[in-house]
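Q: Below are the sequence and a predicted model for it; my questions follow.
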Amino acid sequence: MLDIKSIRENPDRIKERLKLRGGEVWKCVDEVLAIDEKRRTAETDKQHLQSERNRTSKDIGIAKKQGQDTAAIETQMRGIGTRIDELNHETTALDASQEALLLSIPNLPHDACPVGADAEANPEVRRWGTAPAFSFPPKDHVTLAKHHGLVDFEAGVKVTGSAFVVYRGKGAKLERALINFLLDLHTTQHGYTEVLPPFLVNTESLIGTTQLPKFGDQLYHCQEDNLYLAPTAEVPVTNLHRDEIVDTAVLPICYAAYTPCFRREAGAAGVGTRGLIRMHQFDKVELVKICLPENSMAELEKLTADAEKVLQILGLHYRTIELCTGDIGFGSAKTYDIEVWAPGQGGYLEVSSCSNFGDYQSRRMKLRYKDPETKKNYFCHTLNGSGTALARLYVALLETYQREDGSIGIPPALRPYFGAEEIRS
RNA sequence: GGACAGAUGGCAGAGUGGUCGAAUGCGCACGCUUGGAAAGCGUGUGUGCAGUAAAAUGCACCGAGGGUUCGAAUCCCUCUCUGUCCGCCA
């Protein structure tokens, strides 16, 4: 969330930045300031009374030891106690509404974030490779997967429901090969530490990484235990350090984690839902970084490069775009999306979204570091990016390496994991 | 799921109604001492909010929330978590 102090100090600048996101959120600034004003007034009044009570109570203790009668002063203090209670209820309520409001205000887009109204305005920053040319009409991944028995779409529907799939045989092994390849790449080549977190997370964690309170409708919720299925490893992994004051010597912290991701995709029915492209459960290897504020922009570039490396090694054509202020995610200050070319779709598919959250998540989850110079605590910066989403990578792989005879080639880097050079049936 | 025991500062660990934000020890930082080091001695060492130019200072925080009281780390209630044992189980 945003720092209430900086909202107090630069309300106009904050409104300007928020306006770049579009919509009406910027109006929350005045609202939160009004509450803040009332809150602090009540707080100060309460503290004065508490101070008086503390002093007098000590005096009562001393007087009683000396055997003096304190009944009169006790009656007087009872009145102050009542008043303190009232003010206490008031400040608690104001505090809660201020907190709720702050949690619903998105992050400020960074100055380095391109200005634009919507996805149309997202600039492309680079492109790698070229779309493969085919001497035959390329099939889409659904046809290919069914032909080789890699993915059983009907079984997923039977066992669970629509937008769930079952990988089988070589299809399952390819998925497993990709997971292992990605984890090995990032841990041995890019310096990330592997983490295998729980797939269910609590409310506090989801607030920390911004999925709650605003986006709960996208989450699967286990009512009995009040736990949620993680929509991304970002949630359990970033929250590993919630409520911590980390030593600067351990920064940057870099984690790579494989998890399945669970998303209700409410309201997305019928939009690009064919095959593996948009599912309620998909695998992903996520990259998470926690670093010093001054390094976060450089770390974002590195993280994005680490994700792009996946596609380069697999020989998949892609482009990297920069999200503009109107399209950027709720908690992000700056985001790159990586889109892989899928010949069967005749278009690009988003396989990674790499974001720098600045101190926005850190402030929510009280993730700080102690500056060795000033001895003061400051909020870390957090970043994350897919490295990469598996299902769409799978789509691009099948569609890119398909041959006229129906067989599918396996890129060299994947062969040791998959145990074969091609899929042929 | 059942029974019992716990939850106090970076850690260990006192404290069962009143100058307790909290003894003591360890750790850590700085200083003294020393040729240098160790030992020793001294001083300091949590977080948040408010406040200030910066300080000073005030308030809150002893797992969380509520209650009793003039006053709560301490008494009462609820909850959460941890440990141990039993049961069940991959």
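A: Perfect, I can see it now.

Q: Packing partners of the lengthiest helix in chain A?
A: Longest helix of chain A, by residue count under DSSP state H: helix A:28-65. If you count contacts as 3 or more CB pairs under 8 Å, 6 or more residues apart in numbering; DSSP states H and E, helix A:28-65 packs onto helix A:4-9, helix A:11-19, helix A:71-103. To be clear about C-beta, it is placed using only N, CA and C from the backbone, and glycine gets the same treatment.

Q: With respect to RNA strand B, which of those lies nearest?
A: helix A:71-103 (3.3 Å; CB to the nearest atom of the strand).

Q: tell me the mean pLDDT for the closest one?
A: The pLDDT scores in helix A:71-103 average 86.

Q: where are the low-confidence patches of the stretch 201-350 of chain A?
A: The model of the stretch 201-350 of chain A has pLDDT under 70 over residues A:268-273.

Q: ranges for the helices of it?
A: A:203-208, A:234-238, A:296-313 (DSSP state H, counting those that start in this stretch).

Q: what does chain A put close to RNA strand B?
A: Residues of chain A lying near RNA strand B by CB under 7 Å from any atom of the strand: A:4-5, A:40, A:43-44, A:46-48, A:50-51, A:53-58, A:60-62, A:64, A:70, A:74, A:77-78, A:81, A:92, A:245, A:368, A:370, A:377.

Q: Narrow those to those that are buried.
A: Buried members of these, scored by 16 or more other CB atoms under 10 Å, are A:4, A:43, A:46, A:56, A:77, A:368.

Q: ok, so of those residues, who is nearest A:T209?
A: For those, the residue nearest A:T209 by CB to CB is A:R368; the value is 16.2 Å.

Q: leaving aside the residues next to it on the chain, what's closest to that closest one?
A: A:N377 (4.4 Å; CB to CB, 6 or more residues apart in numbering).

Q: is it true that the one you found touches A:Y369?
A: Yes - counting by CB atoms under 8 Å, A:N377 sits close enough to A:Y369 to count as a contact (7.1 Å).

Q: Need the overlap of contacts for those two.
A: The contact sets of A:N377 and A:Y369 overlap at A:I245 (CB atoms under 8 Å, 6 or more residues apart in numbering).

Q: I'd like to know how far the residue in the stretch 101-250 of chain A that RNA strand B sits nearest to sits from A:C380.
A: Residue of the stretch 101-250 of chain A nearest RNA strand B, by CB to the nearest atom of the strand: A:I245 (6.6 Å). The gap separating A:I245 from A:C380 is 10 Å, by CB to CB, to the nearest Å.
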